[in-house]
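In: mind folding the following:
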Amino acid sequence: MILNPDKSNSVLFATTQRAQLLPNQVSINISGVSIPLSNHVKILGAVLDPRITLSEHIKTVSKLCFYRIRALRHIRGSLDHLTIRTIAATLVSTRLDYANSILYGIPAKHISRLQHTQNTLERVVTGKRYTDSSPSILKELHWLPVDARVKFKIATLTFKALNTGNPPYLASLLHRHTPYRTLRSASANLLSVTRFWYSWFPYSCSYHLE
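Out: The predicted structure follows:
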């Protein structure tokens with residue numbers, strides 16, 4: 001098997017300060033094959049950029065969602081409310097929710113862009129005007145806003161990992177907080193925050209073998 005450079009991507013992950021200390025590279029060498037560095041790579045549906053700002057990921061998600069929203073708007077008049085709501089949840093809401101746990105803690109401007117996408121979807125589903133309040137429409141549809149959906153996803157994954165042990169790679173990272181002496185927080189189901197040092201490895205590669 002040999003590495004196919006035409007189907008391979010590489011990216012250098014580093015903070016702005018760390019990147020300034022690294023040599024100016026345009027490619028990396030893997031088994032004698034030179035792979036050029038890219039501005040972003042797609043891994044399991046998530047688009048990652050060198051600074052991990054997720055800006056490219058947000059653009060990609062928004063673009064795909066608006067494409068489906070425009071198609072949905074064209075057939076809106078031929079569908080009843082239940083059907084249009086089901087299609088919207090299947091085609092658009094699931095895309096907003098996919099891998100959204102990685103969005104926790106990103107800048108508010110990125111969340112606002114996704115929220116604008118969801119607000120457009122809710123108005124297509126309900127037929128409401130843009131002057132109507134978005135939070136009230138979301139409440140009517142029983143939809144959580146984008147930032148709440150991100151937190152709900154993380155809370156759901158954490159609950160399942162703690163109570164079922166699955167997936168093991170997440171469950172092994174979670175440890176319940178055990179205070180050194182009797183405190184009221186002992187019964188609060190808190191998690192301990194582990195502090196650790198790790199070796200920094202700057203490269204992430206996506207490659208194909210032939």
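In: just the buried residues of the host helix or strand of residue 162, please?
Out: Assessed by DSSP states H and E, residue 162 sits inside helix 146-164. Buried residues in helix 146-164, counted by 16 or more other CB atoms under 10 Å: 146-147, 149-150, 153, 161. Backbone N, C-alpha and C define where each C-beta goes, glycine included.
In: who's in contact with the following helix or strand past it?
Out: Going down the chain from helix 146-164, the next helix or strand is helix 168-171, by DSSP H and E. Applying CB atoms under 8 Å, 6 or more residues apart in numbering, the contact partners of helix 168-171 are 157, 161-162, 164-165.
In: nearest to residue 139, out of those residues: which one, please.
Out: residue 157 (25.0 Å; CB to CB).
In: which parts of the chain are helices?
Out: Taking DSSP state H as the criterion, the chain contains helices spanning 16-21, 55-74, 81-88, 94-97, 108-126, 134-141, 146-164, 168-171.
In: for residue 177, which of the ones you listed is the nearest?
Out: Going by CB to CB, the one of these nearest residue 177 is helix 146-164, 12.0 Å.
In: contacts for the closest one?
Out: Contacts to helix 146-164, defined as CB under 8 Å, 6+ apart, come from residues 96-97, 100-101, 103-104, 111, 114-115, 118, 144, 166-167, 170-171, 174, 176, 191.
In: run the last query once more with 10 Å
Out: 93, 96-106, 108, 110-119, 138, 143-144, 166-176, 189, 191 (CB atoms under 10 Å, 6 or more residues apart in numbering).
In: among those, name the buried ones.
Out: 93, 96-97, 100-101, 103, 106, 110-111, 114-115, 117-119, 138, 143-144, 171.
In: wait, isn't residue 119 in contact with residue 135?
Out: Yes: with contacts counted by CB atoms under 10 Å, residue 119 reaches residue 135, the gap being 9.5 Å.
In: which residues are common contacts for the two?
Out: Residues within reach of residue 119 and of residue 135 at once, by CB under 10 Å, 6+ apart, are residue 145.
In: once you drop chain neighbours, what's closest to the residue positioned nearest the centre of the chain?
Out: Nearest to the mean C-alpha position of the chain, counting by CA atoms, centre = their mean, stands residue 100 at 3.2 Å. Take residue 100 and drop its neighbours on the chain: the residue closest to it by CB to CB, 6 or more residues apart in numbering is residue 150, 5.0 Å away.
In: how far away is that neighbour from residue 115?
Out: For residue 150, the distance to residue 115 (CB to CB, to the nearest Å) stands at 11 Å.
In: common neighbours of the two, please.
Out: Common neighbours of residue 150 and residue 115 (criterion: CB under 10 Å, 6+ apart): residue 96.
In: list the contacts of residue 128.
Out: Residues near residue 128 by CB under 10 Å, 6+ apart: 122, 134, 136-137, 140.
In: low pLDDT regions in this protein?
Out: Confidence mapping of the chain against pLDDT under 70 gives the ranges 1-2, 183-187, 195-210.
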